[in-house]
Each structure stands twice: as C-alpha cells, then as structure tokens.
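Asker: my questions are about this predicted structure, shown below with the sequence.
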Amino acid sequence: MSASRRAPASVDAYVAGFPPEVRAILERLRATARKLLPDAQETISYGIPTYKRNGAVVYFAAFKAHIGFYPPVRGDAALEKAVARYAGDKGNLRFPLDQPLPMALIERIVRHQAKRDAARA
C-alpha cells in the first residue's frame, strides 16, 4: 500500500473499494470467516480484512489478478499438499480471480488456522 493511500477504516470500507465481481468474492470469504470463526474480532490489520481471536487467525486481500489468503498453512502435511498449487514464494496463498474460488479448501484452511490459534491460548 502506498504511503498516500490510507488503510480502510473497516472491512465494509475495504470491500466497497472493489468492482462488483471482486466484492462478491470478498463477501463470500467474509461470510465464511464469520461462519467458522463466530467469536473472532473482524478488523483491518496491515490494511486488509483480518479475523482475530488469540491472535490473527486469517487475513485476506484482493489484488489485480488474485485473492491473497494469509498466513501460510503450516503443521498439517495433507493440507499443505492440498494448497501447494496456490502457494507463493513465502507460502501465502494466491487464488486467481479468473478461476472459481476453492471454498471447500478455504474452509479447511480456516478450520486449521482456528485450531492453531486455539493452541496459542
């Protein structure tokens, strides 16, 4: 994010800043996070939507050609293998905007990250 661009004040404001087709994807991710993390605080951190409990559980962001999903998946070999095709250099996930969002996989990721977060408590 450039220094001249301010971070959005809320997830609503973040989502509103995108074209309708991207907003629909972001709203789907948001609904999934809210469903699977009902006790999480929805906030903006690092300028992007974040869901926190004991720490940040998941973050997501829209880019020109993909949706970024963070943090990297660690600690579950089967899940790491399942997300490998989407993993970037640092393990952060990139879901291409020109392909259907793998919602079942995203739900697995959120559940996994929630378990990791609970272990931090």
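Answerer: Received, thanks. Here the structure is a predicted model, which is why all the values come from computation and not from measurement. Numbering: from 1, shown residues only.
Asker: only C-alpha atoms from now on, for both contacts and neighbour counts.
Answerer: OK.
Asker: right, and Ala40 touches Tyr51 too?
Answerer: Yes. Counting by C-alpha atoms under 8 Å, Ala40 does reach Tyr51; the two are 5.7 Å apart.
Asker: compare these two and say which is more crowded by neighbours.
Answerer: The residue with more neighbours, out of Ala40 and Tyr51, is Tyr51; 23 against 19, by other C-alpha atoms under 10 Å.
Asker: where does the nearest residue to the more buried one once chain neighbours are set aside land in three-state SS?
Answerer: If the residues on either side of it in the chain are set aside, Tyr51 comes closest to Glu42, at 4.8 Å by C-alpha to C-alpha, 6 or more residues apart in numbering. Assigned state for Glu42: strand (three-state reduction, DSSP: H, G, I helix; E, B strand; the rest coil).
Asker: Glu42: neighbouring residues, count only.
Answerer: Neighbour count for Glu42, taken as other C-alpha under 10 Å: 20.
Asker: next one: Asn54
Answerer: With other C-alpha under 10 Å as criterion, Asn54 counts 14.
Asker: one more: His112?
Answerer: If you count neighbours by other C-alpha under 10 Å, His112 ends up with 18.
Asker: got a pLDDT number for Lys90?
Answerer: For Lys90, the model assigns a pLDDT of 88.
Asker: for it, what is the enclosing helix or strand?
Answerer: Assessed by DSSP states H and E, Lys90 sits outside every helix and strand.
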